[in-house]
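Asker: Here is a sequence together with a model predicted from it:
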Amino acid sequence: MTENNVRELVDLLELERLEDNLFRGQSRDIGTHFVFGGQVLGQALSAAQRTVEAPREAHSLHAYFLRAGDINAPIVYSVERTRDGGTFSSRRVVAIQHGQPILNGSISFQVPETGFEHQSSMPEVPVPEDIEPMQPLPPERLAKLPEKLQRWLGVDAPFEFRHVWPQDKLHPVKRPPFQHIWFRLTAPVGDSPELHRSLLAYASDFNLIGTATLPHGISYYTHNVQMASLDHALWFHRPFRVDEWLLYSFDSPTAQGARGLARGQIFSRDGRLVASTAQEGLIRLRG
């Protein structure tokens, strides 16, 4: 099942080419009722990468989520080749469903260069082998939960997550807006850097905006809380593999106006800062 889940995700990111700048993708139900935002990010990046020639590599992605995606309908990705300069290339991607845009994105590419280097230090946390894997809920307990939670918690995932500070998201308690999570793909994939970047874009949407809920004792599972990603930014800094352990370090500096802001740094196991993220999300308390 592990290899099947990973193969399904890889297939999901390998889009069908309809025209030179037009691609079509399908969706995977991960229990969210709507298309998972990370899926649209990964597919948008995949589409843009297929319009850029090597050795140019994606170094930044900025996207706005405009509408909830229909999980039962294909998504068409239209890529605009905005500019190809001497060193940088820029692409604009629009994800379309039912004739309406569900995501607008801009992605920048660069020819690899050498230059000055510095980075933040990786937090001192236990290695993933010293952290207990997350255990699935027993079927009898899962059956007692609302349908929304059954769908989310009952789906086999292609990524494994190990929380440095675990929390019972069904019964959350208030705590500071920081967390560290090790993650990796559950089966090895090929060596394509483009595939690993698309897979990281997919995974980067997990747990990010949830960091902004920690001081309030709520979570995605809280029945009267509405949550949705509004925008997403991702920067690639150094080479990495998503089928090897990566540490995702989160913080949330602010929440206000039914919105929360969260930031992330992603480190390889040997301490290299390989990517950074930022996201603002809707966190609305319903009456």
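Answerer: Thanks, I have it.
Asker: Return the list of helices and strands in contact with whichever helix or strand N4 is part of.
Answerer: Taking DSSP states H and E as the criterion, N4 maps to helix 2-13. Helix 2-13 is packed against helix 37-49, helix 193-203, with contacts defined by 3 or more Cβ pairs under 8 Å, 6 or more residues apart in numbering; DSSP states H and E. No exception for glycine: its C-beta is placed from N, CA and C like everyone else's.
Asker: Just list what the last one packs against, helices and strands only.
Answerer: It stands for helix 193-203. Packing partners of helix 193-203 (3+ Cβ pairs under 8 Å, 6+ apart): helix 2-13, helix 37-49, strand 57-65, strand 225-236.
Asker: the inter-axis angle of it versus helix 37-49?
Answerer: Between helix 193-203 and helix 37-49, the angle comes out at 150 degrees (axes from the mean of the first three to the mean of the last three Cα atoms, to 10 degrees).
Asker: pLDDT of helix 193-203, averaged?
Answerer: For helix 193-203, mean pLDDT is 98.
Asker: Contacts for that helix, please.
Answerer: The contact list for helix 193-203, computed with Cβ atoms under 8 Å, 6 or more residues apart in numbering, reads 9-10, 13, 38-39, 41-46, 49, 57-58, 61, 159, 183, 185, 189, 234, 236, 239-242, 246, 266, 275.
Asker: ok, for L185, nearest residue in space, not its chain neighbours?
Answerer: Take L185 and drop its neighbours on the chain: the residue closest to it by Cβ to Cβ, 6 or more residues apart in numbering is D243, 4.3 Å away.
Asker: separation between that neighbour and V76?
Answerer: Counting by Cβ to Cβ, to the nearest Å, the gap between D243 and V76 amounts to 29 Å.
Asker: do the same with P215
Answerer: Distance from P215 to V76, by Cβ to Cβ: 39 Å.
Asker: between these two, which one's more packed in?
Answerer: Taking P215 and V76 together and counting by other Cβ atoms under 10 Å, V76 has the greater number of neighbours (18 against 15).
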